[in-house]
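Undergrad: Return atomic coordinates for the entry below.
(chains A and B)
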Amino acid sequence: NAGVTQTPKFRVLKTGQSMTLLCAQDMNHEYMYWYRQDPGMGLRLIHYSVGEGTTAKGEVPDGYNVSRLKKQNFLLGLESAAPSQTSVYFCASMSSGGATGELFFGEGSRLTVL
Amino acid sequence: ELKVEQNPLFLSMQEGKNYTIYCNYSTTSDRLYWYRQDPGKSLESLFVLLSNGAVKQEGRLMASLDTKARLSTLHITAAVHDLSATYFCAVLGFKTIFGAGTRLFVKA
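TA: Numbers count the residues shown, from 1 in each chain, chains lettered A, B, ... in the order given. Next up, the predicted model:
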């Protein structure tokens, strides 16, 4: 019962470096989301996808790119990391149908940009 | 644009007391979530409220939804220390938007 898996769980980058966070879900969910959480704050939506091959901007999309080439995977990329992107990143997925429409979360990926 | 506001943002309460957390949202939605987050952990689903007038209870927590008022409440009955955590509400649209969270501390 893997659910939503995020890799890596921890990463330290230098300013200007690039990296990709991978989110994988095994529940055949259509909707997938990337959020960031800063200390003492709620979750802010970065990008989301409502199906394979589709992506859309959330509340704070600048500095990030995403791709959804396969239904089960949602990638979040930082092309040139900045200290302001130090945060905990959460991926979530949800079925578009079903009775509950519950949002399932990964364990989070802690990113530090020096 | 959907906005979700929670209050209070911080709540310190004594064990055994009752209190309510409020979640207001700005646009029509018939699906609202409540989550709990412990420090350094991911989010744990508490309730999914799917229609106007929905009420759900689990232990000392009860959540309700009034879609006409665009308001959900999370009521805590006879608080215990184990309920100390941060509680988030979130409203589903194409984007699921979260409130800022309520940090609850229950003093023994």
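
Undergrad: per-residue pLDDT, residue 52?
TA: In the absence of a named chain, this looks at chain A. Looking at A:Glu52, its pLDDT reads 94.

Undergrad: my bad, chain B
TA: 83.

Undergrad: where's the nearest residue in space to it that is not next to it in sequence relative to B:Thr27, distance?
TA: Counting by Cβ to Cβ, 6 or more residues apart in numbering or on different chains, the nearest residue to B:Asn52 once its immediate chain neighbours are dropped is B:Thr67, at 4.1 Å. (C-beta placed from N, C-alpha, C; glycine too.) Using Cβ to Cβ, to the nearest Å, we find B:Thr67 at a distance of 11 Å from B:Thr27.

Undergrad: And for B:Gln6?
TA: 16 Å.

Undergrad: swap in A:Glu30?
TA: 22 Å.

Undergrad: more crowded one of these two?
TA: A:Glu30 (15 against 12; other Cβ atoms under 10 Å in any protein chain shown).

Undergrad: Please tell me how far the residue most central in space within chain A sits from chain B.
TA: Compute the mean C-alpha point of chain A, and by Cα atoms, centre = their mean the closest residue is A:Trp34, 2.9 Å away. Distance of A:Trp34 to chain B, given as Cβ to the nearest Cβ, to the nearest Å: 11 Å.

Undergrad: Looks like that residue contacts A:Ile46 (just checking).
TA: Yes. With contacts counted by Cβ atoms under 8 Å, A:Trp34 reaches A:Ile46, the gap being 4.5 Å.

Undergrad: shared neighbours of these two, which are they?
TA: Shared contacts of A:Trp34 and A:Ile46 (Cβ atoms under 8 Å, 6 or more residues apart in numbering or on different chains): A:Gly58, A:Tyr64, A:Val66, A:Leu76, A:Tyr89.

Undergrad: Which residue in those residues has the weakest pLDDT?
TA: Within these, pLDDT is lowest for A:Gly58, at 92.

Undergrad: contacting residues around that residue?
TA: Counted by Cβ under 8 Å, 6+ apart, A:Gly58 has contacts A:Tyr33, A:Trp34, A:Tyr35, A:Arg44, A:Leu45, A:Ile46, A:His47, A:Tyr48, B:Lys95.

Undergrad: Rank those residues by pLDDT and give me only the lowest.
TA: B:Lys95 (80).

Undergrad: any idea how far chain A is from it?
TA: 5 Å.

Undergrad: what does chain B put close to chain A?
TA: B:6, B:31, B:33, B:41-43, B:45, B:48, B:50, B:88, B:90, B:92, B:94-101, B:103 (Cβ under 8 Å from any Cβ of the partner chain).

Undergrad: Name only those of the residues you listed that count as buried.
TA: Using 16 or more other Cβ atoms under 10 Å in any protein chain shown as the burial test, the residues of chain B next to chain A include B:6, B:31, B:33, B:42-43, B:48, B:88, B:90, B:92, B:95-101, B:103 as buried.
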